[in-house]
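one predicted model, sequence on top.
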Amino acid sequence: MNSKDNTFVIDANSRTPLNLKEIWEFRELLYFFAWRDIKVKYKQTFLGVTWAFIQPFLMMVILNIFFGSMLHFPSDQLPYSVFAFTGLIIWNIFSSGTINSSNSMLTNAVIIKKNYFPRIILPLAAVIVSLFDFLVSFILFGGLLIWFRVLPDFFRFIAFFPLAVIIALITTVGTGVIIGAMSIRFRDFRIVMPFLIQLLLFITPVIYPISAISNKTLYYVLSLNPMAGAISLARAAITHNPVDWRIIAISGGMAVFIFILGMLIFKRNETLISDLA
Amino acid sequence: MKTILEVNNVSKKYSLSVINPAYQTLSGSMTIFFRGGKSNEREFWALNDVSFEVKEGDTLGIIGRNGAGKTTLLKIISRITSPTSGRITGKGKVTSLLEVGTGFHLELTGRENIYMNGSILGLKKKEIDAKLEEIVEFSGVEEFIDNPLKFYSSGMQLRLAFSIGAHLEPEILAIDEVLAVGDSLFQQKCIEKMTSIVKSGRTILFVSHNMQALKTICNKAIVLDAGKKVFDGTAEAAVDFYNTEHRLQGQIINLLDLPRGKYAGELIFRELRFTTPAFQYGEDISFSVLLKIVNPSARKDNVIFGANLVDRFGNNIYHISNILTNQPFIHNSDNDEYQFSIKSNLRPGQYRLTLCLTVNDVVQDFFTELINFTVEEGNPYGFSKTGFIQGMVFPGFEIQKT
């Protein structure tokens, strides 16, 4: 406790910018929030963390039966199961991360009203929980690759796959904080979010490849969805197909845009959170 | 002594949009938008131009009625909410203990909850590691520390929660009314712990209704009333000010123009009339109350009054209400007068009256310990030195040899 010289100023007229140094100071709290949510989520469940990959696995099996075996959807030369699973685990980062981080402000309202910490920590912790689920299901992903003898190029994988995850994470944090800030003002978002996410699933190339879109205009419009780029890139990481970098650039750019927009909106509303939550 | 905290002209405004739940849905805010925006927006100043400074090592008490702005002040100083105007400068880390056990999760063990709650209160993991044993021992729940919190009794949960709070060591600690928890033995332990924190030279801001604890712990105090600072001085003087000058006295008291808290306010108190300027010992405490209809279209059946008699230490002696006797009133016009009469065996001294008015279970108006009245010297036993008799009330009794 040698912070005696740390002078602080609270001024009604000065807007504080996003304080990265402060978030760094509260990194342990970020860790504890994420740790608590993971722990509580799987505590007292019979199957524990295996739930993290049972869900995408079952989804994959169903999708494979209908779209792979029966409807013969194109799958970028991958076995349809691997194709679908890759899409699903990246998609799940977004879907669960967005829902949880947008709810995080309201579920932790009691803590927010009685304690100070940078509020951004709550949606960030929620996204970390989704990242944890992703890492657990990634183990099964490795198993699937071996089972179906899909052998990716090592360097290609190391370069593409993490980038795909990063695009997904940036998008998730951005959307999560936007919806989080909005749901403080309008509780409607709480209700409408799960539904919206479900709609989004169909305009995101999770069960079909983006390359299946033949209409060029629609193709580029769809890649405005950052998750389209992230999923395409994740799949490119395990194939030897050429990558359409234009859509990755569009998606990546949108991801960064959503992220920055999210931070700005969140910052504007941050002071309201403890009054309204 | 150096100044450690300087509060300059701090105000906090809440608008009705913050209070009115209609604004929290899209349709609600659209309706309001199309009706011409801020038509029914009402402003509420929780704090109004408050300034004071705290020197290093001071323990500052903050006194005031409910809704006077005490908690808002602590929340602004600890950055939980931001001021509407004004500026605060301070040195060192500020930690607020507005509630104990925030962030406790029933599925986590006691030990895990210590880490979670400690971290929320601004402790580093290393600091919690170092204090863990002490916290566990202080709480007295060693045996159960690795069991999930849901198996704890509420008393155990509270003790654990307070133990974490008691082991905080920031430069500036803001505490809100948390001593009022736990059984009396544990409370005593907490007050001792608090006193030792004070002696260690830490700067403390302390909000309490317990004037006795406040006088013990604090050396300075400010009094807030309706968001304004009305007194600044030693703790002793502040408590005296709060207890006497600051309350309403007299036989007929006008309640219409007083500042009010965030209550519905469709039907409010207008006037209170005591039957006598001071009650004799043993005399019924009787007074009558007049109301004012603010919103003529609101319901006026199922009118319930509540009144508490509180002694000057804040002990609640009597609680009366027509809900207890199941006799709700219908308020027909503002000419209606409601007569209260309480059989009394209160010892002589100063008492305060808390008044509450609800219609159909919605609180309309509330004054906490606002009105002072006196019970004159005397006792039922014919004993010459009333001051010699202990006890808060003088009961009728018999002691006989059989």
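Now that the structure is in, tell me what you want to look at.

can we go C-alpha only for contacts and neighbour counts from here?
Will do.

so, low pLDDT: which residues of the stretch 151-277 of chain A?
Within the stretch 151-277 of chain A, the ranges that satisfy pLDDT under 70 run A:277.

quick one: B:Lys75 from B:Ser333, how far?
In this view, B:Lys75 and B:Ser333 are 42 Å apart by C-alpha to C-alpha, to the nearest Å.

which one's more surrounded, the two?
B:Lys75 (24 against 12; other C-alpha atoms under 10 Å in any protein chain shown).

next one: phi and psi at the more buried one?
Main-chain dihedrals, B:Lys75, degrees, to the nearest 10: phi -70, psi -40.

how much space separates it from chain A?
8 Å (C-alpha to the nearest C-alpha, to the nearest Å).

now that residue. Nearest residue, chain neighbours left out?
Distances taken as C-alpha to C-alpha, 6 or more residues apart in numbering or on different chains put B:Thr81 closest to B:Lys75, at 5.7 Å, once the chain neighbours are dropped.

B:Leu5 now?
What sits nearest to B:Leu5 in space, not counting adjacent residues and going by C-alpha to C-alpha, 6+ apart, is B:Gly90, at 4.2 Å.

wait, a strand at that neighbour?
Yes. Looking at B:Gly90 with DSSP: H, G, I helix; E, B strand; the rest coil, it is inside a strand.

so what sits opposite it in the bridge?
The partner list for B:Gly90 in beta bridges (DSSP bridges) reads A:Phe8, B:Leu5.

tell me where the chain has helices.
Just so you know, I chose chain A. A:20-25, A:27-42, A:51-63, A:80-107, A:109-114, A:121-147, A:154-185, A:188-202, A:216-222, A:226-236, A:245-276 (DSSP state H).

looking at chain B here, not the other one
Under DSSP H, chain B gives helices at B:16-19, B:26-34, B:70-77, B:110-120, B:125-139, B:154-166, B:184-199, B:211-217, B:235-243.

the third one - contacts with which helices or strands?
It refers to helix B:70-77. strand B:43-55, strand B:59-64, strand B:94-97, strand B:172-176, strand B:203-207 (3 or more C-alpha pairs under 8 Å, 6 or more residues apart in numbering or on different chains; DSSP states H and E).

on that earlier part again, contact partners for the residue nearest to B:Leu5?
Residues in contact with B:Gly90 (C-alpha atoms under 8 Å, 6 or more residues apart in numbering or on different chains) are A:Thr7, A:Phe8, A:Val9, B:Ile4, B:Leu5, B:Glu6.

next: A:Met105.
Listed by C-alpha under 8 Å, 6+ apart, the contact set of A:Met105 reads A:Ile112, A:Leu122, A:Pro123, A:Gly180, A:Ile184, A:Ile273, A:Ala277.

any idea how many residues pack against the one residue in the stretch 201-350 of chain B that gets nearest to chain A?
Here the stretch 201-350 of chain B gets closest to chain A at one residue, B:Arg202, 11.7 Å apart by C-alpha to the nearest C-alpha. The local packing of B:Arg202 (other C-alpha under 10 Å) involves 17 other residues.

quick one: pLDDT of it?
B:Arg202 is assigned 84 on the pLDDT scale.

right, and it touches B:Leu168 too?
No. Contact criterion C-alpha atoms under 8 Å: B:Arg202 and B:Leu168 do not qualify, at 10.5 Å.

returning to what we had before: export the helices of chain B to TSV and tack on distance to A:Leu200?
Formatted as TSV, the helices of chain B follow (distance: least, C-alpha to C-alpha, whole Å):
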stretch	distance to A:Leu200
helix B:16-19	33
helix B:26-34	22
helix B:70-77	40
helix B:110-120	35
helix B:125-139	40
helix B:154-166	43
helix B:184-199	54
helix B:211-217	58
helix B:235-243	61
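
as CSV, the ones you listed with mean pLDDT and distance to B:Val375 would be great.
Converted to CSV, the helices of chain B look like this (pLDDT from 0 to 100; distance: least, C-alpha to C-alpha, whole Å):
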stretch, mean pLDDT, distance to B:Val375
helix B:16-19, 51, 40
helix B:26-34, 61, 52
helix B:70-77, 92, 30
helix B:110-120, 93, 47
helix B:125-139, 92, 42
helix B:154-166, 86, 38
helix B:184-199, 75, 29
helix B:211-217, 80, 21
helix B:235-243, 86, 15
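
tell me which of those lies nearest to B:Ala264.
Set against B:Ala264 and scored by C-alpha to C-alpha, these come closest in helix B:16-19, at 11.1 Å.

isn't B:Lys215 up against B:Ala237?
No. B:Lys215 is not in contact with B:Ala237 according to C-alpha under 8 Å; the separation is 9.6 Å.

can I get the contacts of A:Met105 in TSV with distance to B:Thr358?
Shown next, in TSV, are the contacts of A:Met105 (distance: C-alpha to C-alpha, whole Å):
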residue	distance to B:Thr358
A:Ile112	30
A:Leu122	38
A:Pro123	40
A:Gly180	36
A:Ile184	30
A:Ile273	30
A:Ala277	26
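
among those residues, which one has the most neighbours?
Using other C-alpha under 10 Å as the neighbour test, the contacts of A:Met105 are led by A:Gly180, with 32 neighbours.

for that one, which residues are in contact?
A:Ser101, A:Ser102, A:Asn103, A:Ser104, A:Met105, A:Pro123.

one step back: B:Ser208: which of the contacts of B:Gly90 is nearest?
For these, the nearest to B:Ser208 is B:Leu5 (19.8 Å; C-alpha to C-alpha).

so the closest one sits against B:Val94, correct?
No. Checked against C-alpha under 8 Å, the pair B:Leu5 and B:Val94 is beyond contact range at 9.9 Å.

give me the common contacts of these two.
Common neighbours of B:Leu5 and B:Val94 (C-alpha under 8 Å, 6+ apart) do not exist.

residues touching the residue nearest the centre of chain A, list them.
Closest residue to the average C-alpha location of chain A: A:Phe94 at 3.0 Å, with C-alpha atoms, centre = their mean. Counting by C-alpha under 8 Å, 6+ apart, A:Phe94 makes contact with A:Ala168, A:Leu169, A:Thr171, A:Thr172, A:Met227.

cool, and B:Met211?
Contacts here follow C-alpha under 8 Å, 6+ apart; on that basis B:Met211 touches B:Val239, B:Phe313, B:Gly314.

who wins for most neighbours among those?
Among the contacts of B:Met211, B:Val239 has the most neighbours (other C-alpha under 10 Å), with 24 neighbours.

leaving out the residues flanking it, which one is nearest to that one?
B:Met211 (6.7 Å).

distance check, that neighbour against B:Asp240.
Distance of B:Met211 to B:Asp240, computed by C-alpha to C-alpha: 10 Å.
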